[in-house]
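K.L.:
No letters, just coordinates:
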């Protein structure tokens, strides 16, 4: 059991009564072995992580969604200090993929006896990502989702409604040039989805786990070119029945380069988004991220 824990929370969580209460309950679970540090998203996350490491902490626990976890993970790369996750986001794909409970107190108890493992994370133009990075319709969905959230709150149903609104505005697929293993091809696609975690793929019945298990990227290229085709693809995704070769193509890659016609393209990283200048170079991180995996029931 760890005796020195630093919990890093997004400062905005303190303004959300549900998240604030969850964090307080987990701090009670950790007891006097834990200290909380708030991160202001307007300041570099590296400063907060540096303060945490200066306290000679044994583990750093991140309270938040996939975007907050990604930010802290990027600052912890290569430090060897284990990172645990307290899932407080909408979907919590990374935490769920690690086997952590979405109930905060239970996740806190799991982390106290969890074991450290090193992993490589994805990088695109120097930006780390844990679950996926994407170009095309998905970043547009995230942009619309912020508008929906601001009006209706952060609910999964609101997230699904943002998908519908984005599809209704869809016009035509983007033109990309993809280079993998020295092979270069140009094609049109509504979505390039580069996965680094198998959890989200398995959740929707998408192939690609073998690529992830081989420590590679699973690159998905959507074949849908019309609004109707996008809606049908989404329906099959919801049912866990997407059709490889008909609705998407899968490429396994250690590295990939993607070029678009735009000077700057909207790119999504683990639920966050920003406009980035291309070309987009996807690589594995040179340094490892140490993460905490909960013990299985069989190990208890």
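P.N.:
Noted; the coordinates are in hand. This is a predicted model, so every value here is computed, not measured.
K.L.:
From now on I want contacts and neighbour counts done on CA atoms only, so please keep to that.
P.N.:
Will do.
K.L.:
Residue 21: which element?
P.N.:
Taking DSSP states H and E as the definition, residue 21 sits inside helix 17-30.
K.L.:
name the helices or strands packed onto the helix or strand just after that helix?
P.N.:
Using DSSP H and E, the next helix or strand after helix 17-30 towards the C-terminus is strand 34-39. In terms of contacts (3 or more CA pairs under 8 Å, 6 or more residues apart in numbering; DSSP states H and E), strand 34-39 is packed against strand 5-10, helix 45-54.
K.L.:
circling back: tell me the buried residues in the helix holding residue 21?
P.N.:
19, 20, 22, 23, 26, 27, 29, 30 (16 or more other CA atoms under 10 Å).
K.L.:
Pipe these into CSV and attach pLDDT per row.
P.N.:
Formatted as CSV, the buried residues of helix 17-30 follow (pLDDT from 0 to 100):
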residue, pLDDT
19, 82
20, 85
22, 90
23, 91
26, 93
27, 93
29, 93
30, 94
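K.L.:
nearest to residue 132, of those residues?
P.N.:
residue 19 (24.7 Å; CA to CA).
K.L.:
how about residue 100, what does it touch?
P.N.:
Going by CA atoms under 8 Å, 6 or more residues apart in numbering, residue 100 touches 85, 107, 110, 293, 294.
K.L.:
okay, which residue is most central for this structure?
P.N.:
residue 270 (2.9 Å; CA atoms, centre = their mean).
K.L.:
surely it meets residue 67?
P.N.:
Yes. Counting by CA atoms under 8 Å, residue 270 does reach residue 67; the two are 5.7 Å apart.
K.L.:
nearest residue to residue 209 other than its sequence neighbours?
P.N.:
What sits nearest to residue 209 in space, not counting adjacent residues and going by CA to CA, 6 or more residues apart in numbering, is residue 198, at 5.1 Å.
K.L.:
counting contacts, what elements does the helix holding residue 21 pack onto?
P.N.:
helix 104-112.
K.L.:
and the angle for the helix it packs on with helix 17-30?
P.N.:
40 degrees (axes from the mean of the first three to the mean of the last three CA atoms, to 10 degrees).
K.L.:
Buried residues, helix 104-112. List them.
P.N.:
104, 105, 107, 108, 109, 110, 111, 112.
K.L.:
Pretty sure the fourth one sits against residue 30.
P.N.:
Same thing as residue 108. Yes. Using CA under 8 Å, residue 108 is in contact with residue 30, at 7.1 Å.
K.L.:
sorry, back to before: which residues sit against the helix holding residue 21?
P.N.:
5, 13, 14, 34, 63, 88, 104, 105, 108, 109, 112.
K.L.:
got it, and stretch 279-299?
P.N.:
In contact with stretch 279-299 (CA under 8 Å, 6+ apart) are residues 73, 76-84, 98-100, 110-111, 113-125, 128, 254-260.
K.L.:
Stretch 224-241 now?
P.N.:
By CA under 8 Å, 6+ apart, stretch 224-241 touches 167-168, 170-173, 189-190, 203-206, 242-243, 247-248.
K.L.:
10 Å - rerun?
P.N.:
Contacts with stretch 224-241, where a contact means CA atoms under 10 Å, 6 or more residues apart in numbering, come from 137, 163-164, 166-174, 188-191, 201-206, 222-223, 242-243, 246-248.
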